[in-house]
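Asks: quick check, what structure comes out for this input:
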Amino acid sequence: MSHRVSDEVVERVTEETRSVHSSRRHDGMIHKVGAPPKQNLLNEIKESVMETFFADKPLDHFKDQPASRKFVLGVQAVFPILDWGRSYNLSKFKGDLVAGLTIASLSIPQDIAYAKLANLQPQYGLYVSFVAPLVYAFMGSSRDIAIGPVSVVSLLLGTMLTDEISDYKSHDYLRLAFTATFFAGVTQMALAVFRLGFLIDFLSHAAIVGFLAGAAITIALQQLKGLLGIKHFTTKTDIISVMHSVWSNVHHGWNWQTIVIGLAFLAFILATKYLAKKNKKLFWVSALSPLVSFILSTFFVYITRADKKGVAIVSHIEKGVNPSSAKEIFFSGKYLGSGIQIGVIAGLIALTEAVAIGRTFASVKDYPLDGNKEMVAMGTMNIIGSLTSAYVATGSFSRSAVNYMAGCQTAVSNIIMSIVVLLTLVFLTPLFKYTPNAVLASIIIAAVMGLINIDAVILLWKIDKFDFVACMGAFFGVIFKSVEIGLLIAVAISFAKILLQVTRPRTVVLGKLPGTKVYRNIFQYPNATQIPRMLIIRVDSAIYFSNANYIKDRILRWLREEDEQRKESSFPTVEYLIVEMSPVTDIDTSGIHAFEDLHRSLQKRGVQLLLANPGTIVMEKLYASKLVKVIGEDRIFLSVGDAVATIGSKVEEV
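Replies: From the prediction side, this is the model:
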């Protein structure tokens, strides 16, 4: 309501207040706020630790079980396949077989293409899709996620590894890739063992949207080398360097045969994606289009010998299963620190993407997803992958979507895909010799376009402008600088938002809704009326050292502003300030001192401080600090209504 009120409104509000006072006195509805029992410090710490790290109560199902049963449950916890595998049947296998074959047809060309993003030989992408899905199938808890290399992590590895070792054809580069993969797995495993999975939630949805969109554009721009047939291309990923490299080669570096091949198959893949989007039942057309493009382009180059006319081809893919790489990992030397740093970043990004994908499909199918088991599975598969010549693997959204639409029932679809990749490694890799790089570029460009979510960006703008800024910060950081800088900006802005909300929480003025006993924000409910001689303020946050002084100063500013506006009207000035504390979940010593200062400042102004509805933890600390005695036990009320009724009746008696 407006602070400039008429005499008629004042009279009506006073009458309503008097009515409430009267009814409350007769009904005996005034209740004293209970003093909570004192808590043992060790129990309090134990409860906090349990709620922070073991909120899912992972050991509850072990209680009251015999030792043999506990052993079985423990093994099933590590290998969930031993649990759901007991009810596996032929009907589920049919669905998994179709889904596994479908995602294999999508993953083979993508694996080869993504390996090039990481500046690795093509076979290393196939190695990832052989080992990692097998490990995940036994240890993961998602039924729908499809495991393998992904574009964002591949690009991240490629750029960060080349920052350390510019010659990506050197053996040390390959060793550093395995080292980063090992420590990515260690990072993911550590998050599980120490129950720190909540840390990945610090990367906000808005930051992820911007980061992925920027990464998609960066990846697409990087593919201009293969799409245009450019031989000498920049190793930098920012848009300015890439576009300069493209245009500097326009007169002598572009190859028209390569451009025709690349654009033709890009148009074909995008057309099938559009068709599948229009008709969900035709998803398999889009899923098979990369493999079809892969085969047709290879055959076309072979019969025309376009490679003799400047069309760059894959040339050679190593045949056979993954060789051991355990001795290749840097456990000492100058590259150890770099390997750990790159591994931690890649591991966190990979885990964030996998958990987001897993949660999405688990929500659609309505089954529980154990985040801790996901971290264990991801960590284990990357550690094993680093020992078997594979680089960082995670869940792929495009393949997971195809897996879901193809009718997968369990993680067995990953096993089917892995077997198909194995057969490809053993028998089919020589057939890929004439595969043009242009078609790999087309496959990557078509795949990453799905990472640009314009609708999500528009929604961010509508809902929260700060989220939009976080999104754009991450986006521009990626495309104008680098993937790691964009990621750093995304994390920094996410933390800035948290700090801003913690240090500058909302405080609002409450008024009474006419004809009710409800008090609400007067700016949200303009018809809510304020109580004569009282100002009611709600604090919408816990009160800590980071915001205690701000809250105190903001309350005093509300008081000054209200008094100034009430003096200009016939509305009585403030004699009682009620702080509604139901949203205040906790208060520390700085908060206690801030309320002591607030109480003293109000006394100098002739205003009494009242508290309404403090929670258990807050009351415990108010008693422990003796602040209850300073304010007065009779000045702490169960609700705003009780405070208004009690104090209002005293005002009437005076």
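
Asks: got the contact list for stretch 221-237?
Replies: Residues from elsewhere that reach stretch 221-237, judged by C-beta atoms under 8 Å, 6 or more residues apart in numbering: 116-117, 155, 159, 162, 166, 218, 239, 241-246, 249, 253-255, 257-259, 262-263, 266, 310-312, 437-438, 440-442, 444-445, 482-483. The C-beta positions use only the backbone N, C-alpha and C, and glycine is treated the same way.

Asks: ok, now stretch 540-548?
Replies: Surrounding stretch 540-548, the residues in contact under the criterion C-beta under 8 Å, 6+ apart are 499, 501-508, 551, 583-591, 593-594.

Asks: any of the residues you listed buried? List them.
Replies: Neighbour-count burial (16 or more other C-beta atoms under 10 Å) applied to the contacts of stretch 540-548 gives 505, 507, 508, 551, 584, 587, 591, 593, 594.

Asks: these: which two are farthest apart?
Replies: Greatest spatial distance among the buried ones among the contacts of stretch 540-548 (C-beta to C-beta): 508 and 593, at 23.4 Å.

Asks: which members of the contacts of stretch 540-548 occur in strands, if any?
Replies: Judged by DSSP state E, strands contain the following of those: 507, 508.

Asks: just the contacts of stretch 540-548: which are in helices?
Replies: Among the contacts of stretch 540-548, the ones falling in helices (DSSP state H) are 499, 501, 502, 503, 551, 589, 590, 591, 593, 594.

Asks: check which helices and strands the helix or strand containing residue 486 sits against.
Replies: Residue 486 is part of helix 483-503 when elements are defined by DSSP states H and E. Packing partners of helix 483-503 (3 or more C-beta pairs under 8 Å, 6 or more residues apart in numbering; DSSP states H and E): helix 151-164, helix 205-222, helix 336-365, helix 465-480.

Asks: export those to CSV and tack on mean pLDDT and distance to residue 100?
Replies: Output for the helices and strands packed on helix 483-503, formatted as CSV (pLDDT from 0 to 100; distance: least, C-beta to C-beta, whole Å):
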stretch, mean pLDDT, distance to residue 100
helix 151-164, 91, 22
helix 205-222, 88, 27
helix 336-365, 90, 16
helix 465-480, 89, 33
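
Asks: on that earlier part again, who touches the helix holding residue 486?
Replies: Contacts with helix 483-503, where a contact means C-beta under 8 Å, 6+ apart, come from 152, 155-156, 159-160, 202-204, 206-208, 210-211, 214-215, 218, 237, 345, 349, 466-467, 469-470, 473-479, 541, 544, 546-547, 550.

Asks: that one versus helix 151-164: what angle between them?
Replies: 110 degrees (axes from the mean of the first three to the mean of the last three C-alpha atoms, to 10 degrees).

Asks: quick one on the thing from earlier: for PyMOL, write the selection for the buried entries among the contacts of helix 483-503.
Replies: A single PyMOL command selects the buried members of those (16+ other C-beta under 10 Å):
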select buried, resi 152+155+156+159+160+203+204+206+207+208+210+211+214+215+218+237+345+349+466+467+469+470+473+474+475+476+477+478+479+541+544+546+547+550
